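Enquirer: sequence and computational prediction follow.
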Amino acid sequence: MNQPELGHYIAHLRKEQGLTQEELVEKCNINVRTIQRIEAGDVTPRSYTVKNILEALGKSIDEVFQKVKKQPETPAVKYNTSLLGWGIIAGLFYLILGTFNVYFGLTESFYVNVISNEAFMVSTVLEFILATLFLIAIAHFGKSNENSMIKNASYGAITFLIFFYILQNLLYSDIMNEYEGLGLVLSFSSLFLYGLMYFFLAIGFFIKRKELGELAKWSGIAGIIGGLSFCLIILFPLGIVATLTFEVLLIIVLYRAWDDSKKEFINPNINS
């Protein structure tokens, strides 16, 4: 046990027994200034000093340090820092480009062509590439944390996006022009599947909220609300807001994992 943990432990034992620092001094015959500095973590005491203090508090030095050695250490999660970094960048650009593409799609619904069909196709293909990189990074996060639901939901989302973008860019316009009813069915089906994609991904974060922390909990809640809203179709405006929040929180989750991984690389003994 090193400082400042040792000092905190001694202070805890002393207060637990209702002793002041002066009363502890009388029991172990050590200078009060020394006790103060040890408890504050300012100095690392010699072993015989620690032994005297612990014995005065009714503890054996061997007993205390053996307990510390037996405490299981939580192994640091190993991440691919480069993959997380590219995922964060892709996620940020995906949010920006996706917002523009939603706007372009809405204007097209009102027969207002803000950009050409060719430019819109290129934009959506680029959006798909960015979304795929983002989801690969999330899948890596899930795999590193031994969360198969996050990993599998991410790869499932990539599969859905392949289908969705092929449908949108190659078939959707022709179907809408020739078979308007079928086109609407495909649109509603896409919203429903889009909702399921986010729902299962969000569940993966929510069920592991204790291990992954508060951010994972709120990410899961936002994603579940967004996913269910899309599945209900009529609530898709709420789904857009909730899934946008979910995506922003996922970027923050990846950033924190990336930051922890960088710290671990700089100081591999940080968790020792």
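Expert: That came in fine, so what should we check first?

Enquirer: tell me the mean pLDDT for stretch 27-35?
Expert: Stretch 27-35 carries an average pLDDT of 82.

Enquirer: buried set for it?
Expert: 27-28, 30, 34-35 (16 or more other C-beta atoms under 10 Å). All C-beta atoms are positioned from the backbone trio N, CA, C, and that covers glycine.

Enquirer: what does stretch 242-257 give?
Expert: For stretch 242-257, by 16+ other C-beta under 10 Å, it's 242-247, 249-251, 253-255, 257.

Enquirer: restricted to helices, list the residues you listed.
Expert: 242-247, 249-251, 253-255, 257 (DSSP state H).

Enquirer: circling back: which pair of the buried residues of stretch 27-35 spans the longest distance?
Expert: Greatest spatial distance in the buried residues of stretch 27-35: 27 and 34, 13.7 Å, computed using C-beta to C-beta.

Enquirer: mind listing the helices for the stretch 151-272 of the chain?
Expert: Assigned by DSSP state H, counting those that start in this stretch, the helices in the stretch 151-272 of the chain fall at 172-178, 180-207, 209-212, 214-231, 236-266.

Enquirer: so where's the stretch 151-272 of the chain shaky on pLDDT?
Expert: Residues of the stretch 151-272 of the chain meeting the criterion pLDDT under 70: 167-191, 263-272.

Enquirer: hmm, 50 instead?
Expert: Judged by pLDDT under 50, the stretch 151-272 of the chain has its weakly predicted residues at 175-177, 179, 181-183, 268-272.

Enquirer: for residue 139, what is the enclosing helix or strand?
Expert: Taking DSSP states H and E as the definition, residue 139 sits inside helix 117-144.

Enquirer: please identify the buried residues of that helix?
Expert: Here helix 117-144 shows 120-121, 123-124, 127-144 as buried, counting by 16+ other C-beta under 10 Å.

Enquirer: where's it relative to the chain centroid, distance-wise?
Expert: Centroid separation for helix 117-144 versus its chain: 18 Å, with C-alpha atoms, centre = their mean, to the nearest Å.

Enquirer: what angle separates that helix from helix 236-266?
Expert: 50 degrees (axes from the mean of the first three to the mean of the last three C-alpha atoms, to 10 degrees).

Enquirer: any idea of the mean pLDDT for helix 117-144?
Expert: 87.

Enquirer: mind giving me the packing neighbours of it?
Expert: helix 81-109, helix 148-166, helix 236-266 (3 or more C-beta pairs under 8 Å, 6 or more residues apart in numbering; DSSP states H and E).

Enquirer: turn the ones you listed into a markdown table, columns for distance to residue 212.
Expert: A markdown table is the format used below for these (distance: least, C-beta to C-beta, whole Å):
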| stretch | distance to residue 212 |
| --- | --- |
| helix 81-109 | 15 |
| helix 148-166 | 9 |
| helix 236-266 | 8 |
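
Enquirer: ok, which of the ones you listed comes nearest residue 43?
Expert: The nearest among these, by C-beta to C-beta, is helix 236-266 at 27.0 Å.

Enquirer: please state the offset of that closest one from the chain centre?
Expert: Averaging C-alpha positions (C-alpha atoms, centre = their mean) puts helix 236-266 6 Å from its chain's average.

Enquirer: one more: stretch 199-206?
Expert: Distance, stretch centre to chain centre, for stretch 199-206: 12 Å (C-alpha atoms, centre = their mean).

Enquirer: please enumerate residues in contact with it?
Expert: Residues from elsewhere that reach stretch 199-206, judged by C-beta atoms under 8 Å, 6 or more residues apart in numbering: 138, 142, 147, 149-150, 153-154, 156-157, 212, 216-217, 219-224, 226-228, 231, 246, 253.
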